[in-house]
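Asks: dropping the sequence and predicted coords here.
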Amino acid sequence: MAAPNMELKESFADQGYLVLPGWLNPERLQELARELDQYLHETLPLSQAGSVLFEFKDRPETLKQALLLPERSPYFGGILAAGIFRDLAGAVLGGPVVPKQLQWLNKPARVGRETPPHQDGYYYMLEPSEAVAMWLALDEADEENGCMRYIPGSHRKGMRSHGRTGTLGFSQGITDYEDRDRRAEVAVRARPGDLLVHHCLTIHRADANPSPRQRRALQFVYFSARAREDLERKANYQAKLQAELAHSGKI
């Protein structure tokens, strides 16, 4: 897939997200699926502590998040560090980027919980708040199994107030989300190989998954090279969150 043209860059700047159908072709998806299967079934158990989250800790089939650690997976580390995803991130952010994270996400069939409305930038703690997340669909995603829902243009209105939620993996959500916000949402359906790209200030959420189908995806995260992390604040937040999750028996 070629780098985005000016029309796509302008759309991202205006709307705060892009939908790129067929970003990966079937052959690349099959290759990626083989590597994922090996990682999740062979490498993952070796790095489970702090790297995975389940909807129900005692039910392995409810795995909902797994960090694809570059040091444990040269394949995924290479995809994150260079190539079409990093190039796209640099194009839409308008400059050099720093690869930060790659994770496998899922809403397990029948038990996948709602993702609360939030802005990724609240977690990233950047100044300026310039980063992009890319969501590569591995399954069909629609209104039945919890597709992504964006509020167009919300990235241009700054950071909203966030507070603690009860959702594992999404500990912070917008506290003043109202009916007018829900009316502004756009539900984005996706097929395997489609790529959704959003700014770290774009408000988004997803419904629960009561359907019999999974809703799996890979998420790539890149920070603008201009942005600086508040490392002390982030470390304190992560330590407090991990302690609370361990105390409650969720990890």
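Replies: Sure, I can see it. Numbers count the residues shown, from 1 in each chain.
Asks: so which residues of this structure form helices?
Replies: For the chain, helices defined by DSSP state H occupy the ranges 6-15, 26-38, 74-81, 84-93, 120-124, 179-184, 231-248.
Asks: tabulate these (TSV), appending mean neighbour count, distance to residue 191 and mean pLDDT.
Replies: Backbone N, C-alpha and C define where each C-beta goes, glycine included. As requested, the helices of the chain are arranged in TSV below (neighbours: other CB atoms under 10 Å; distance: least, CB to CB, whole Å; pLDDT from 0 to 100):
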stretch	mean neighbour count	distance to residue 191	mean pLDDT
helix 6-15	14	19	92
helix 26-38	13	10	94
helix 74-81	17	20	95
helix 84-93	20	18	95
helix 120-124	20	23	94
helix 179-184	11	25	98
helix 231-248	12	34	64
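Asks: closest one to residue 225 among the ones you listed?
Replies: helix 84-93 (8.8 Å; CB to CB).
Asks: what sits up against that closest one?
Replies: By CB atoms under 8 Å, 6 or more residues apart in numbering, the residues outside helix 84-93 that reach it are 1, 3-4, 8-9, 12, 18, 23, 79-80, 96-97, 99, 130-132, 134, 197, 220, 222, 224.
Asks: correct me, but residue 63 touches residue 54?
Replies: Yes. The pair residue 63 / residue 54 is scored as a contact, 5.5 Å apart, by CB atoms under 8 Å.
Asks: who touches residue 133 in this structure?
Replies: Residue 133 neighbours (CB under 8 Å, 6+ apart): 120, 197, 198, 200, 219, 220, 221.
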